[in-house]
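**Q** All I have is the shape, not the residue letters:
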Ligand SMILES: Cc1c2[nH]c(c1CCC(=O)O)Cc1[nH]c(c(CCC(=O)O)c1C)Cc1[nH]c(c(CCC(=O)O)c1C)Cc1[nH]c(c(C)c1CCC(=O)O)C2
């Protein structure tokens, strides 16, 4: 007998029925290769567009009921093996006191981005994460209940460098030159900001686990504009710090939650990423599955990496591409996904064909063993 109020308490969650994703994160045997898609809750779904119509993006993020509904929508259509909470990486800069708006046709926009190191003083350095981001935690708890144990729920965050880049660029950028200017001209202030973000992210991820998240993904979406040396200095140490601190704290309370790091276009860092305390390394489509396996030497599970644009292909071709991908990665320690998020103009039917192909072909390969 579940009272409505119990849905917001992070306890008595329904029993998990499909643990293929969690098993694959840990390199354990599964009956099929699990699959989910980055941005599976998104504008390619007509029901998503309808729910979001006329509403402010971040107001939607602040409504636990809306986040829950948007998270569940793709699972009603497709047998995905994981859900990812509907939210955004930019809720952290907002919690630090920055104004961020989602402008239609333009994307995220900061009216007053950081310009010079003095601007760091304007940020809330000691953020009360439990207060400022409580709405995300509530959304996670509600969604974990409403999922009814169908699949595990993934929580996420942006990585420090990616968030720093948005905070300085004030929005999307192809060169990230304003943010990279800080790395070369103000390395100390850069480290100060990255450290500030890291502390908040650790608390934020721990809060997500306490609220009911069963896995965590860290998005370093702007790894690609860094070179190996800058990655070593300004991204990797913080990615490692996050995983180590989150895991140490969880261990104290006897918990263990798999963590995924996705450094988009950061293949120069693949060896390092596979030795960074994350169970899973996410890959974009510019890496060949076999070479990714060789370079990570069985140290981690891998996730990815079909080119999202392959979903524009006819279904038979999608099956062929999935087949090659599965043969390249193998069926063990592997989570099928795209190499980046779905685009709004993609056909939901082809997303269904992708999921179906992963399940069917991986079952076929596993039965041959
Ligand atoms: C860089 C980044 C952002 N947000 C995110 C990242 C990291 C992943 C990546 O590299 O893409 C992460 C994110 N954003 C969203 C999710 C939800 C879960 C899911 O993947 O389904 C996740 C995991 C919802 C969203 N976040 C956003 C949408 C689409 C806008 C809308 O719903 O109105 C969704 C579904 C908006 C957003 N938010 C951001 C961008 C660049 C955009 C797109 C703007 C545009 O295309 O107009 C920042």
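**A** The structure has been received and is ready for your questions. This one's a predicted model, so the numbers in the text were calculated from it and none came from an experiment. Residues are numbered from 1 along each chain as shown.
**Q** What helix or strand is residue 367 located in?
**A** helix 348-368 (DSSP states H and E).
**Q** Can you give the distance from that helix to the centre of its chain?
**A** Computed by CA atoms, centre = their mean, to the nearest Å, the chain-centroid distance of helix 348-368 equals 22 Å.
**Q** start at 243 instead
**A** Understood, numbering begins at 243; the last thing we discussed is helix 590-610.
**Q** Help me see whether it makes contact with the ligand, please.
**A** No - Helix 590-610 does not reach the ligand (CB under 6 Å from any ligand atom); its nearest approach is 11.8 Å. C-betas here are computed from N, CA, C, even on glycine.
**Q** Quick check: which helices or strands does that helix pack against?
**A** helix 557-571, strand 576-580 (3 or more CB pairs under 8 Å, 6 or more residues apart in numbering; DSSP states H and E).
**Q** Mind putting those into CSV with mean pLDDT and distance to residue 606?
**A** Below are the helices and strands packed on helix 590-610 laid out as CSV (pLDDT from 0 to 100; distance: least, CB to CB, whole Å):
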stretch, mean pLDDT, distance to residue 606
helix 557-571, 98, 9
strand 576-580, 98, 14
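**Q** Need the winner for burial among these.
**A** The highest average neighbour count among those, using mean count of other CB atoms under 10 Å, belongs to strand 576-580 at a mean of 27.
**Q** Distance-wise, check the closest residue to residue 259 other than its chain neighbours relative to the ligand.
**A** Counting by CB to CB, 6 or more residues apart in numbering, residue 391 is the residue found nearest to residue 259 once chain neighbours are left out, at 4.9 Å. Computed as CB to the nearest ligand atom, to the nearest Å, the residue 391 to the ligand distance reads 20 Å.
**Q** what helix or strand is residue 391 on?
**A** Per DSSP H and E, there is no helix or strand for residue 391.
**Q** tally of neighbours for residue 510?
**A** 17 (other CB atoms under 10 Å).
**Q** give me the residue from the stretch 293-442 of the chain nearest the ligand.
**A** Nearest residue of the stretch 293-442 of the chain to the ligand, counting by CB to the nearest ligand atom: residue 349, 3.5 Å away.
**Q** nearest residue to that residue other than its sequence neighbours?
**A** In space, residue 349 is closest to residue 414, 4.9 Å off (CB to CB, 6+ apart).
**Q** who's in contact with residue 529?
**A** Listed by CB atoms under 8 Å, 6 or more residues apart in numbering, the contact set of residue 529 reads 509, 512, 546, 547.
**Q** Which of the helices or strands spans it?
**A** Using DSSP H and E, residue 529 sits within no helix or strand.
**Q** Look up phi and psi at it.
**A** phi -110, psi 140 (degrees, to the nearest 10).
**Q** Does the helix ranked longest in the chain reach the ligand?
**A** If you go by DSSP state H, the chain has its longest helix at helix 429-453. No - judged by CB under 6 Å from any ligand atom, helix 429-453 stays clear of the ligand, getting no closer than 12.3 Å.
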